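I would like the atomic coordinates for the input below:
(one chain, ligands or ions: 1)
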Amino acid sequence: MAARLASSSKRLSSFLISSKVTPFCRAYSSTNIVGESPILVRDFIHSALYDPEHGYFSQRSASVGQLDSSIKFNQLQGRKAYMKYLDAIYKRSDISWFTPVELFKPWYAHGIAEAIMRTANFSVPLKIYEIGGGSGTCAKGVMDYIKLNAPTRVYDNMTYVSVEISPTLAKKQLETVGEVDSHLAKFSVECRDAADPNEWGHEEQPCWVIMLEVLDNLPHDLIYSKDQVSSWMEVWVQKTRDGQELSELYKPLEDPLITSCMEILDISKDGSTRGSMAGSFAKNIWAKIFPSPRKCWLPTGSLKLLQVLHGALPKMSLIASDFSYLPDVRIPGERAPLVSSKKDGKSSDLNSYLDAKGEADIFFPTDFWLLERIDHHCSVKLKPRDISSKKGKKRRTLTLDTSSFMEEFGLPTKTRTKDGYNPMLDDFKNTKFYLSVPTHNTK
Ligand SMILES: C[S@@+](CC[C@H](N)C(=O)[O-])C[C@H]1O[C@@H](n2cnc3c(N)ncnc32)[C@H](O)[C@@H]1O
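Numbers count the residues shown, from 1 in each chain. This is a model prediction of the structure:
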């Protein structure tokens, strides 16, 4: 349990929550998500999380928690006191979890603002987009910091556009940022799916895109192979004959997002791996005697979002933070998600994503190596084999542990307790920051 406790905000919360029940619609079942025809796994996950009526982020006004005030870390003795303090907050509120930008407000957002200020080109007005801004704490913190620390003209001319899929959270963001009157003229919320290409215009100017804990909630696809050597199949979700349950259906690979993702990952469609003839002969025999089914989760939601962002904002710089791994995952497959549900005030993990139906959060670890490849691929439409070489690369990218990022750009002394324990640096070992800026490479 110690590893889990120290691992992430979402995980952390699951051991501290104990009081209230978050209401959910009992009559709604996961079979309602699927109609008469089967749907791809990513479409199932999208509905379970974002269906306007029944989705996890739509029905739970408290799916993203907001602290009433900042935690005064310097007044707490150490880890024990911090845990006790958090426990009390969770007992008082109806929320599912607090994200780092919330727990460490305003310092976490200030670190992000400082990273932007050190890199931004101030000869053009500063334009920031935030995808999935939750309760608006990041937006407010970034704008506060720029107002205080950047030349006046930078703040005066800046714009901050939040693209948020949940109407409840979009409203909350306006309230949070509106606490400072002068921010409101520069801030706007667009309530829409950021991965929908039809909703974006085209922005030729340099701009920034911030995404905190968004990639983990983006839909993924699943591929399946019945043993170590058979071809990969794409996984669809269907109703069982009596309509009472859901089951997986395996179809030959066809979906373009799935096949692009496999190419970027360098997974061959026929299930083969590189090696000698003798080696693959032995593998075939082994697979026949001891067949071991394979499952692999693909971040097709991230691929789609990055394709759309690179198309609409070709000179964007990107700051994303997310979980690099998740503990105690029960769902099978590489890069598998945690499906976490809260009932009677207690969190528990489900054994199948098919049981998620609006009251469960489905979140994935981010494979940062793969994220970087996807980013390069989308920025220039590189052929997958060229991704590893410098040829044609249009991005400079960097992946940093959260502690390294905050030590570089933030003010870590502000989140240090009396005995030196610093939850922002010490408790988020399974989260990373990804930074990606355009280069002048035009070849
Ligand atoms: C886990 S919350 C993180 C909230 C906030 N960034 C934070 O760190 O506190 C994920 C957020 O992304 C939003 N979101 C997820 N998918 C989205 C999409 N396709 N377009 C826009 N917003 C999205 C959710 O509604 C929610 O606000």
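
for the stretch 51-200 of the chain, which segments count as helices?
56-59, 79-92, 100-103, 107-119, 137-149, 152-157, 167-177, 181-184 (DSSP state H, counting those that start in this stretch).

ranking the ones you listed by burial, who's on top?
helix 100-103 (a mean of 26; mean count of other Cβ atoms under 10 Å). Every residue, glycine included, has its C-beta placed from N, CA and C.

with only the CA atoms kept, save that one in CSV.
Provided in CSV are the C-alpha atoms of helix 100-103 (Å, rounded to 0.1, in the frame of the first residue of the first chain):
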residue,chain,number,x,y,z
PRO,A,100,-1.3,18.0,-8.4
VAL,A,101,-2.2,21.5,-9.8
GLU,A,102,-4.9,21.7,-7.2
LEU,A,103,-2.9,20.2,-4.2
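
so which elements touch that helix?
helix 107-119, helix 137-149, helix 423-426 (3 or more Cβ pairs under 8 Å, 6 or more residues apart in numbering; DSSP states H and E).

would you format those as CSV with mean pLDDT and distance to residue 308 included?
Shown next, in CSV, are the helices and strands packed on helix 100-103 (pLDDT from 0 to 100; distance: least, Cβ to Cβ, whole Å):
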stretch, mean pLDDT, distance to residue 308
helix 107-119, 97, 22
helix 137-149, 98, 21
helix 423-426, 95, 32
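
let's have those in JSON lines, adding distance to the ligand.
Below are the helices and strands packed on helix 100-103 laid out as JSON lines (distance: least, Cβ to the nearest ligand atom, whole Å):
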{"stretch": "helix 107-119", "distance to the ligand": "9"}
{"stretch": "helix 137-149", "distance to the ligand": "6"}
{"stretch": "helix 423-426", "distance to the ligand": "14"}
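
adding distance to residue 357, write the ones you listed out as JSON lines.
Below are these laid out as JSON lines (distance: least, Cβ to Cβ, whole Å):
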{"stretch": "helix 107-119", "distance to residue 357": "32"}
{"stretch": "helix 137-149", "distance to residue 357": "29"}
{"stretch": "helix 423-426", "distance to residue 357": "33"}
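
what's the local residue count around residue 203?
When neighbours are counted by other Cβ atoms under 10 Å, residue 203 registers 15.

is it within a helix or a strand, and which one?
Using DSSP states H and E, residue 203 sits within no helix or strand.

pretty sure it sits against residue 313.
Yes: between residue 203 and residue 313 there is a contact under Cβ atoms under 8 Å: 4.9 Å.

who's in contact with the closest residue to the ligand within the stretch 251-400 of the chain?
Nearest residue of the stretch 251-400 of the chain to the ligand (Cβ to the nearest ligand atom) works out as residue 305 at 6.6 Å. By Cβ atoms under 8 Å, 6 or more residues apart in numbering, the residues touching residue 305 are 131, 194, 195, 218.

same thing with residue 107?
Applying Cβ under 8 Å, 6+ apart, the residues contacting residue 107 are 406, 410, 411, 412, 414, 415, 424.

gap between the third one and residue 110?
The reference is to residue 411. 7 Å (Cβ to Cβ, to the nearest Å).

same question for the last one.
Taken as Cβ to Cβ, the spacing of residue 424 relative to residue 110 amounts to 11 Å.

show me what contacts the nearest residue to residue 147 once chain neighbours are set aside?
Nearest residue to residue 147, sequence neighbours excluded (Cβ to Cβ, 6 or more residues apart in numbering): residue 155, at 4.7 Å. Residues near residue 155 by Cβ under 8 Å, 6+ apart: 143, 146, 147, 186.

next one: residue 379
310, 314, 393, 394, 395, 438.

count the residues that sit near the residue lying closest to it once chain neighbours are set aside.
Of all residues not flanking residue 379 in the chain, residue 394 sits nearest, at 4.6 Å (Cβ to Cβ, 6+ apart). The burial count assigned to residue 394 is 20, neighbours taken as other Cβ under 10 Å.

got a list of what residue 394 touches?
376, 379, 380, 438, 439, 441.

any chance of those residues in CSV, with distance to residue 282, secondary structure and pLDDT too?
Shown next, in CSV, are the contacts of residue 394 (distance: Cβ to Cβ, whole Å; DSSP: H, G, I helix; E, B strand; the rest coil; pLDDT from 0 to 100):
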residue, distance to residue 282, secondary structure, pLDDT
376, 36, helix, 94
379, 41, helix, 92
380, 40, helix, 81
438, 47, strand, 93
439, 45, coil, 87
441, 44, coil, 60
